[in-house]
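A.B. asks: 3D model of this:
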Amino acid sequence: MKMTSYHKSSGSSLLVVVSTMSILIGVVAIVAHYTTTVSRSVQRTNTMEQALTAADATIETLFTNWRAICRFNPTTPLPTSSFLGVIPVPTASQLPTLPGATNFAKAGTSFTTNDEYDSAYTISNVKVVAVDATLSSLSSADVAPVPAVGQSQTGTASTTSATYNYIASADVTLPTVGGNTVAKVRRVFSKQQLSPWNFAIFYNDPLEIHPGPQFTVTGWVHTNSSLYTGHNTLWFADKVTYAADWTIGFMPGDAQHPETPTSPHWPANLPPTQGQEQQPFGLDASVIFGSSGSSSSSDSYHQLVEPPVAGSTDPLASSRFWNQANVAIKVDASNNVTIGTPNSDGTITAFASSNPLYQMFSSAISTNQTIQDNREGANVRLVTLDVSKIENNTSGLSATYKSSSFNGIVYIYDSSASSSARRGVRLLNGSKIPSMGLTVASQNPVYIQGDFNTGGSPPSDASSSDPTQPQVSGYNRASCSILTDAVNILSNSWNDANSFAGTGSRIASNTTVNAAIVSGIVPTALAGGDGAYSGGAENFPRFLEDWSHARLTYYGSMVELYKSQQSIGEWGKANVYSPPTRQWYFDNNFKTTPPPGSLMIYSYVKGRWSVL
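C.D. replies: Sure, this is the predicted structure:
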């Protein structure tokens, strides 16, 4: 009986051992399978991350090269064929997370390479494709995209904004255990054009705004550099963007503001924010070769208001206002006046005396008038354009130009300007402007004297000022622009003879100006190292009178693109001016009806992206 019991016990124990081992083997198998599955999952996840990184790097390369190609043709929307076989994809050295390779491909092609373990990866479907407003493919690779927003990019005067879309693609295939991992990345590239007249204040250089009395900026504000705001008297009423940094304080080098900075005000849901750089003309200043002899490439945008130079490459030909004008007026050192057609080599073909355009302007020009510009510390010889004399019907509120062939753009300058011979252009009697508008461009400083584009003495000039009425009843202000080295506003009370006396003899009266301005500044950072302040946007239009008891009502858009090259006097000197009460407003009319001529800024944006 005992033996039988023993054998039964042994059999039971063996069964338990076998069962336990079977369970353990099963557990080990499950764990091994789980571990293998997790390992493969981790490997595939890591591989997918590598593939996505490589695809994203490829997209970045596409964007950089696509943007560079677009910049060489800023005014032309390019079709898909402009990029096929031209844009390179990253080389192996630029993709350190992938197996090494020496192959090199172009956009629109693909390549495959093997690492030391004979595992291949492939980058394919690399291309930039033009699409329509709905991001759908176009009928042909040779068809240019149409604008998704705004109007056609044809250089027409009414063009204010447009967005041209492209879709960039890159597929990266990487091997993993159990099959390949494929990352398909797509991203929208947008070329956006916008007239700077859509901004109340647009600066290419650092933007400083430090008003004394309360100053409200209506309309968009943007700088391609840094923004400096140090006073709580500043109020922004619309969006504010900057491409670099925003400092609640003062620019380095500014010794005119020792006070503790305070924060400006802005709408609760619209604080100043970093934005895209808006590139004038779609060109980097570094690729614009200066005709003015400037040593700084950042000053090259000044060519916008300069005549071209014969025999030189002119990347700004389509934007230069000399080329856009159909009337050029030149005054030489001896006050000889030439009126004619501006040529692409910087010369002028004089009009015959019977030409309607000659007859229109010849009686409106007067020369050899001298004023004292105390900011410049020099006498300035002026050529004056009497705007009223180029018009018909000046006795009524509406006016027309004497010649219907005038395109609304005139370039006027004194070619004898130098550091020792200061020259300028004066606009006089410009209260009435024909409905087509007026654009005046000059490489010299411009002095606007008296009410401009108001129809007469507007309510904003009255003792009971109404700044919301910057024109007389019945007059529709036209779209006007002044593009120049610097803009000075002389009041309705200006007298040339008093300019040589002290500030107390130059008493300003209420004055209204309705015009957009492109002008230069004397930057704080370059103000001789003596701590001088640029004057800020609040002094963008310059003053030479005592405005302490007068108002300047301004409706327009202020655009700074370059440093002044002729009016280089620093802000802050004694006996120059006392500031006006500023009643400044962005003119919303510019969003739909810009002044004569085409002036565009461009930005290149990486939009939404997707992984397929």
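A.B. asks: show me what stretch 247-259 is in contact with.
C.D. replies: Stretch 247-259 is contacted by residues 206, 208, 210, 226-230, 261-264, 524-525, 527, 529-534, 572 when judged by C-beta atoms under 8 Å, 6 or more residues apart in numbering. Yep, even glycine has a C-beta here, placed from its N, CA and C like the rest.
A.B. asks: and the strands in the stretch 351-500 of the chain?
C.D. replies: 365-373, 378-386, 391-392, 400-401, 409-414, 423-428, 438-441, 446-449, 480-483, 487-490 (DSSP state E, counting those that start in this stretch).
A.B. asks: between those strands, which one is closest to Val309.
C.D. replies: Of all the strands of the stretch 351-500 of the chain, it is strand 409-414 that lies closest to Val309, at 14.3 Å by C-beta to C-beta.
A.B. asks: how far off centre is that closest one?
C.D. replies: Centroid displacement of strand 409-414 relative to its chain, using C-alpha atoms, centre = their mean, to the nearest Å, is 24 Å.
A.B. asks: got the contact list for that strand?
C.D. replies: Residues contacting strand 409-414 (C-beta under 8 Å, 6+ apart): 307, 321-322, 324-332, 342, 361, 381, 383, 385, 423-425, 438-444, 596-597.
A.B. asks: which among the contacts of stretch 247-259 end up buried?
C.D. replies: Among those, those scoring as buried are 206, 208, 210, 226-230, 261, 264, 524, 527, 532-534, 572 (criterion: 16 or more other C-beta atoms under 10 Å).
A.B. asks: centroid-nearest residue for this structure?
C.D. replies: Closest residue to the average C-alpha location of the chain: Gln278 at 3.2 Å, with C-alpha atoms, centre = their mean.
A.B. asks: how about the nearest residue to that residue, chain neighbours excluded?
C.D. replies: Nearest non-adjacent residue to Gln278, counting by C-beta to C-beta, 6 or more residues apart in numbering: Ile601, 4.3 Å away.
A.B. asks: before we move on, back to that, and the gap between the residue nearest to the centre of the chain and Met251?
C.D. replies: Distance, Gln278 to Met251, by C-beta to C-beta, to the nearest Å: 20 Å.
A.B. asks: what's the closest of the buried ones among the contacts of stretch 247-259 to Asn498?
C.D. replies: Of those, the one sitting nearest to Asn498 (C-beta to C-beta) turns out to be Gly572, at 21.9 Å.
A.B. asks: so the closest one sits against Ala532, correct?
C.D. replies: Yes: the pair formed by Gly572 and Ala532 meets the contact definition of C-beta atoms under 8 Å, at 5.6 Å.
A.B. asks: now Thr20: how far from Ser13?
C.D. replies: Plainly put, Thr20 is 10 Å away from Ser13 if you go by C-beta to C-beta.
A.B. asks: Asn343 now?
C.D. replies: In terms of C-beta to C-beta, Asn343 sits 112 Å off from Ser13.
A.B. asks: ok, the two, which is more surrounded?
C.D. replies: Asn343 (15 against 10; other C-beta atoms under 10 Å).
A.B. asks: beta partners of the residue lying closest to the more buried one once chain neighbours are set aside?
C.D. replies: With sequence-adjacent residues excluded and distances taken as C-beta to C-beta, 6+ apart, Asn343 is closest to Thr349, at 6.1 Å. Legend: beta-bridge partners of Thr349 under DSSP bridges are Thr341.
A.B. asks: what about Thr349, how many neighbours?
C.D. replies: 10.
A.B. asks: Gly212 too?
C.D. replies: For Gly212, the neighbour count with other C-beta under 10 Å is 10.
A.B. asks: shaky segments in the stretch 351-500 of the chain?
C.D. replies: Low-confidence segments of the stretch 351-500 of the chain, defined by pLDDT under 70: none present.
A.B. asks: and Tyr164, what element?
C.D. replies: Using DSSP states H and E, Tyr164 sits within strand 161-176.
A.B. asks: so which elements touch that strand?
C.D. replies: Secondary structure elements in contact with strand 161-176, counted by 3 or more C-beta pairs under 8 Å, 6 or more residues apart in numbering; DSSP states H and E, are helix 2-71, strand 120-130, strand 179-194.
A.B. asks: now the last one against strand 120-130, angle please.
C.D. replies: This means strand 179-194. Relative orientation of strand 179-194 versus strand 120-130 (axes from the mean of the first three to the mean of the last three C-alpha atoms, to 10 degrees): 20 degrees.
A.B. asks: which residues touch His549?
C.D. replies: Contacts of His549 by C-beta under 8 Å, 6+ apart are Ile507.
A.B. asks: list the contacts for the residue nearest to the centre of the chain?
C.D. replies: Going by C-beta under 8 Å, 6+ apart, Gln278 touches 194, 196, 202, 222, 224, 243, 601-603.
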